[in-house]
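Participant: Below: sequence and its predicted model.
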Amino acid sequence: MMKQLIGGGIAVISGVLLFGFTLVAAAVYTLQMGSGGYYSEYGLYLSALWEVGIVPLVLSIIFFIIGLVLLFKAIDNEWKGKYFLVAEDTKPNDTES
């Protein structure tokens, strides 16, 4: 359970950082493309994002989704253990009569 929580947190943070750095790299690259050489139907920023690469964006989305799944699994297991399985342990004993 703790491994899922730590792994999920790391995956979410790495997905967000990779997504942000990819967008910043595309923004910096637009300065180089400003004089021309970009696709007019996509615009300057989307052309720069295409040149930087779509693979980092896809990887960041995959990391983020995997991280959320792991976090939700860890939280769900913790809640089940804390609130729902406790009721099964508090059954009255037959030897107390």
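Facilitator: Thanks, I have it. Numbering: from 1, shown residues only.

Participant: ok, which stretches of the chain are strands?
Facilitator: Counting by DSSP state E, the chain has no strands to list.

Participant: in it, which helix or strand is least confident?
Facilitator: Sorting the helices and strands of the chain by mean pLDDT, DSSP states H and E puts helix 86-89 at the bottom, at a mean of 50.

Participant: Average pLDDT for the lengthiest helix in the chain, rounded please.
Facilitator: Assignment by DSSP state H gives helix 2-33 as the longest helix of the chain. The average pLDDT for helix 2-33 rounds to 92.

Participant: 359 is where my numbering starts, stick with that
Facilitator: Sure, I'll start numbering at 359, so the last one becomes helix 360-391.

Participant: Check which residues of that helix are buried.
Facilitator: 362-363, 365-366, 369-370, 372-373, 376-377, 380-381, 383-384, 387-388, 391 (16 or more other C-beta atoms under 10 Å). In this view, the C-beta of every residue, glycine as well, is placed from N, C-alpha and C.

Participant: Contacts only, for the spatially most central residue of the chain.
Facilitator: With distances taken as C-alpha atoms, centre = their mean, Phe422 lies nearest the centre of the chain, 1.4 Å away. Phe422 makes contacts with Ala369, Val370, Gly373, Val374, Phe377, as judged by C-beta atoms under 8 Å, 6 or more residues apart in numbering.

Participant: Apply 10 Å and report the result again.
Facilitator: Ala369, Val370, Ile371, Ser372, Gly373, Val374, Leu376, Phe377 (C-beta atoms under 10 Å, 6 or more residues apart in numbering).

Participant: Excluding sequence neighbours, find me the nearest residue to Phe377.
Facilitator: Ser418 (3.9 Å; C-beta to C-beta, 6 or more residues apart in numbering).

Participant: these two touch, right, Val386 and Ala406?
Facilitator: Yes. Counting by C-beta atoms under 10 Å, Val386 does reach Ala406; the two are 8.4 Å apart.

Participant: re earlier: quick check: which helices or strands does the longest helix of the chain pack against?
Facilitator: Under the contact definition 3 or more C-beta pairs under 10 Å, 6 or more residues apart in numbering; DSSP states H and E, helix 360-391 sits against helix 402-410, helix 413-437.
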